[in-house]
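Peer 1: Just need the structure, nothing else, for what follows:
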Amino acid sequence: MEGFVEAFSAGVEAVDSFVWGWVMIVLLLGTHLIMTVRTKFIQRKIGTAIKLSFSRSDSDAAGDVSQFGALTAALAATIGTGNIVGVATGLFAGGPGAIFWMWITGVFGIATKYAETYISVKYRVKDENGEMLGGAMYALERGLKNKSVGKVLAVLFALFAFIASFGIGASVQSNALSGVVTSYIPGLEGATLTGTNAFIGVMLVVLVGIVIIGGVKGVTRVAEKLVPLMAVLYAAGCLVIIAMHWQYVGAAVALILECAFTGKAAFGGAVGSGIALALQYGFKRGLFSNESGLGSAPLVAANATTKNPARQALVSMSGTFWDTVIICAITGIMLVSTMLANPAIEQGIMDGSITAAAQLTTTAFAAIPVLGPLVLSVGMILFSYSTMLGWSAYGNRAVMYLFGQKGIRPYQIVFLIFVFWGCLGGGELVWNISDITNALMAVPNCIAVLALGTVIVKGTQHYVYDGNLEEEDTTEIPVRQSKA
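Peer 2: The predicted structure is shown next:
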């Protein structure tokens, strides 16, 4: 059995390396750049986007949840281990330069997040109960001229999202959470560690199950309260650590930039080096963090009460700004400055006492006496928990498309099983599986964004640049019959 697990892990790692080769990097970065140009650098409207996200919802428009609720549900899924462990993983494998490329995915990914949300809202449908359904699958099915190709791509996207939710949404989060929690409990080994992880798994199953049984609306209600609290708590912790190492901040930023463009080895070769590795892991972890190009956030954004597609697209793109441009940048600078300030961390990596990204993050937060580990542990618990909730909502939308309402309850049960399994599973295997499913989702989603680019451009010009953001789109929203 052990040999099979090793062979399977090696196979997954090989597939991960292939899928996340230069073709995927070109697809994602290319989509980000193309949509940045085609939307006339929509990033310059980030101020308007933030203002809209905090304004009162368009209560007289069509939709099921508030604009802010849809945003926080998406942020619940994205502000998580990608910000804490994901940045550290990128640093470990790709060196400090990976942090810069993560940031770049955020800056240019804002345009893709805007575009994918625009078509999700524009082509959304209603079920028989009047609840909104949207996402890349409906944009592909309804928007593409070749309906056969659109249908195939739509099914593939929904299938990939369905599978991805078990990895990126369930097992990765619970695996990272259990790793951080158990790292604070000394002397755990063998049966004791297994029993502790199993206990954590049971508790998570209960806490996640209580919320996801209420569907997308239930997740949104919790996210509106949880996301602002956890984001502020974590960011404050990072800023305190940066302030403690203020004399190393300039050097940290310089090292990140130098490694991004020269591939210079850093920290005595303790972490990854080379431009190719920095790019690869920067984009992998960047996508994991903000999910721009993945097509996940639009699955819930389509439920928002909004007057027109552009308004919610602007709101959604602000999520990428907060998630990667701000929080991941703070995390990266905090980690690198901490390593510069503490040569013992470099030695710990070299001698094998620090072997995982979670340990690196834990060590960094230990710089704050007493409160540091507490802030990290509480933040990790909240981040992982909220990400599970957000991704359960994404999987819910995918299941509705593939199987109809009858598939929701079985899906929720399987999702909770993966939450439990993640607490017991191997970290690297879980990360690699999530990388693969992320990439598979991105392909049909990017096709939808690029193929429907003209629709996005015309709508953006009318609503955003011609000053018609308050105009209500009165196009009739079709009703989708439930699957038998």
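
Peer 1: which SS class is Glu476?
Peer 2: coil (DSSP: H, G, I helix; E, B strand; the rest coil).

Peer 1: for it, phi and psi?
Peer 2: phi -70, psi 130 (degrees, to the nearest 10).

Peer 1: now do Leu144
Peer 2: Main-chain dihedrals, Leu144, degrees, to the nearest 10: phi -70, psi 140.

Peer 1: who's in contact with it?
Peer 2: 150, 153, 448, 451-452 (Cβ atoms under 8 Å, 6 or more residues apart in numbering). Just so you know, the C-beta spots here come from the backbone N, C-alpha and C atoms, and that holds for glycine as well.

Peer 1: State the mean pLDDT of the helix or strand Thr117 falls within.
Peer 2: Secondary structure assigned from DSSP states H and E places Thr117 in helix 97-122. Averaged over helix 97-122, pLDDT sits at 93.

Peer 1: who touches whichever helix or strand comes after it?
Peer 2: Downstream of helix 97-122, the first helix or strand assigned by DSSP H and E is strand 125-126. If you take Cβ under 8 Å, 6+ apart as the criterion, strand 125-126 is touched by 132-134, 138, 142, 477-480.

Peer 1: Could you spell out the sheet neighbours of whichever helix or strand comes after strand 125-126, each with its direction?
Peer 2: Going down the chain from strand 125-126, the next helix or strand is strand 132-133, by DSSP H and E. Note on strand 132-133: by DSSP bridges, its sheet partners are strand 125-126 (antiparallel).

Peer 1: Low-confidence regions, the stretch 101-250 of the chain specifically.
Peer 2: The model of the stretch 101-250 of the chain has pLDDT under 70 over residues 183-193.

Peer 1: Helices of that one, start to end?
Peer 2: Along the stretch 101-250 of the chain, counting by DSSP state H, counting those that start in this stretch, helices occupy 136-143, 147-164, 172-183, 190-212, 215-244, 246-262.

Peer 1: Turn those into a markdown table, columns for distance to Gln405.
Peer 2: A markdown table is the format used below for these (distance: least, Cβ to Cβ, whole Å):
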| stretch | distance to Gln405 |
| --- | --- |
| helix 136-143 | 16 |
| helix 147-164 | 15 |
| helix 172-183 | 26 |
| helix 190-212 | 15 |
| helix 215-244 | 10 |
| helix 246-262 | 47 |
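
Peer 1: Can you tell me which of the contacts of Leu144 has the most neighbours?
Peer 2: For those, the largest number of neighbours (other Cβ atoms under 10 Å) sits with Ala448, at 30 neighbours.

Peer 1: Now do that residue against Ile119, distance only.
Peer 2: 6 Å (Cβ to Cβ, to the nearest Å).

Peer 1: same check, this time on Val19
Peer 2: 24 Å.

Peer 1: So for these two, which residue has more residues nearby?
Peer 2: Ile119 (31 against 19).

Peer 1: what's the burial count for Gly295?
Peer 2: Gly295, neighbours per other Cβ under 10 Å, totals 31.

Peer 1: Correct me if wrong: it contacts Ala154.
Peer 2: No - look at Gly295 against Ala154 with Cβ atoms under 8 Å: they stay out of range, at 11.1 Å.

Peer 1: Pull up the overlap in contacts between the two.
Peer 2: 136, 444.

Peer 1: ok so, going back, shared neighbours, Ala448 and Ile119?
Peer 2: Common contacts of Ala448 and Ile119, defined by Cβ under 8 Å, 6+ apart, comprise 136, 139, 143.

Peer 1: Please identify which of those is nearest to Pro410.
Peer 2: Ala136 (23.1 Å; Cβ to Cβ).

Peer 1: picking that back up, ok, of the contacts of strand 125-126, which one's closest to Phe418?
Peer 2: Within the contacts of strand 125-126, proximity to Phe418 (Cβ to Cβ) peaks at Leu133, which comes in at 23.5 Å.
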